[in-house]
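Colleague: Starting from these lines, generate the structure:
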Amino acid sequence: WSINRRILTQTLMSTGFLRNTIKLIEKNCDELFQFWDLLCVIEQDN
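Modeller: Purely as a prediction, here's the structure:
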């Protein structure tokens, strides 16, 4: 199974699928943290 998973990972990496997915996740995390910061600021104002 581990060998198959490695081959699958390499295939996904070579197609750029995994890279794009990671970029998407990172982008969403950035937006999530910005939203979280905004919530914290709102909390402090009250």
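Colleague: distance of Val41 from Gln10?
Modeller: From Val41 over to Gln10 the distance is 44 Å, taken as Cβ to Cβ, to the nearest Å. All C-beta spots, glycine's among them, are computed from the backbone N, C-alpha and C.
Colleague: Export only the CA atoms of stretch 14-31, formatted as PDB.
Modeller: The C-alpha coordinates for stretch 14-31 follow below in PDB (Å, rounded to 0.1, in the frame of the first residue of the first chain):
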ATOM      1  CA  SER A  14       3.700  15.500 -11.700                       C
ATOM      2  CA  THR A  15       0.200  16.600 -12.900                       C
ATOM      3  CA  GLY A  16       0.500  19.600 -10.500                       C
ATOM      4  CA  PHE A  17      -2.800  18.500  -8.900                       C
ATOM      5  CA  LEU A  18      -1.300  18.200  -5.400                       C
ATOM      6  CA  ARG A  19       0.600  21.500  -5.800                       C
ATOM      7  CA  ASN A  20      -2.600  23.400  -6.800                       C
ATOM      8  CA  THR A  21      -4.600  21.800  -4.000                       C
ATOM      9  CA  ILE A  22      -1.900  22.800  -1.400                       C
ATOM     10  CA  LYS A  23      -1.900  26.400  -2.900                       C
ATOM     11  CA  LEU A  24      -5.700  26.400  -2.500                       C
ATOM     12  CA  ILE A  25      -5.600  25.300   1.100                       C
ATOM     13  CA  GLU A  26      -2.900  27.800   1.900                       C
ATOM     14  CA  LYS A  27      -5.000  30.600   0.300                       C
ATOM     15  CA  ASN A  28      -8.000  29.600   2.300                       C
ATOM     16  CA  CYS A  29      -6.000  29.400   5.500                       C
ATOM     17  CA  ASP A  30      -4.800  33.000   4.900                       C
ATOM     18  CA  GLU A  31      -8.400  34.200   4.400                       C
END
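Colleague: Figure out how far that stretch is from the centre of its chain.
Modeller: Mean C-alpha position of stretch 14-31 versus that of the full chain (Cα atoms, centre = their mean, to the nearest Å) differs by 5 Å.
Colleague: Tell me which residues of that stretch come out buried.
Modeller: For stretch 14-31, the neighbour count (16 or more other Cβ atoms under 10 Å) marks no residue as buried.
Colleague: No further queries at this time; thank you.
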